[in-house]
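Undergrad: here are the coordinates; sequence isn't available:
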């Protein structure tokens, strides 16, 4: 997947493209950061997809799109505190559900990357931690809250922190 951004006067704009091998489709997703983007796709072969990705990248660069500078990115941590050192079956299910909901919400709005959950020490215990790299902390926080509300895991079980 290729994801590139451009800062306009009032907002970040994103464009991303990828080849979905399972469906044989070249997909383009684009929009304003924080709003649901627009999606287009077309059936292509793998070699055609490589050429389309190269053309997509060249056109984006010509239009002023680039990878975000590290200084522009903000890291948020989404934590699910655990009762023990290792997650129970229900904790694993909850973490998986939160990960899927948040990943989909961030992706549809171009709000950044979400890491897979990892177990880390937290307040004398442990937590399952997912890291979010985003260009807009406020919009990412709101998207995470909306995703958690839409799921079946109580929001009180989740912590969202900067850095």
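TA: Arrived safely, thanks for sending. Note that the structure is a prediction, hence the values are computed from the model and not measured.

Undergrad: Can you pull out the low-pLDDT segments for this structure?
TA: Filtered on pLDDT under 70, the chain yields no residues whatsoever.

Undergrad: Just the strands from it, written as ranges.
TA: Along the chain, the stretches classed as strands by DSSP state E are 2-7, 12-20, 25-32, 38-43, 74-82, 113-114, 118-122, 125-134, 159-162.

Undergrad: center of the protein, which residue is that?
TA: Centroid-nearest residue in the chain, with Cα atoms, centre = their mean: residue 113, separated by 3.4 Å.

Undergrad: The lengthiest helix in the chain packs against which elements?
TA: Looking across the chain with DSSP state H, the single longest helix is helix 89-108. Applying 3 or more Cβ pairs under 8 Å, 6 or more residues apart in numbering; DSSP states H and E, we find helix 89-108 packed against strand 74-82, strand 113-114, strand 125-134, helix 137-150. All C-beta spots, glycine's among them, are computed from the backbone N, C-alpha and C.

Undergrad: I'd like these as a markdown table, with distance to residue 163 appended.
TA: A markdown table is the format used below for the helices and strands packed on helix 89-108 (distance: least, Cβ to Cβ, whole Å):
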| stretch | distance to residue 163 |
| --- | --- |
| strand 74-82 | 5 |
| strand 113-114 | 15 |
| strand 125-134 | 10 |
| helix 137-150 | 10 |
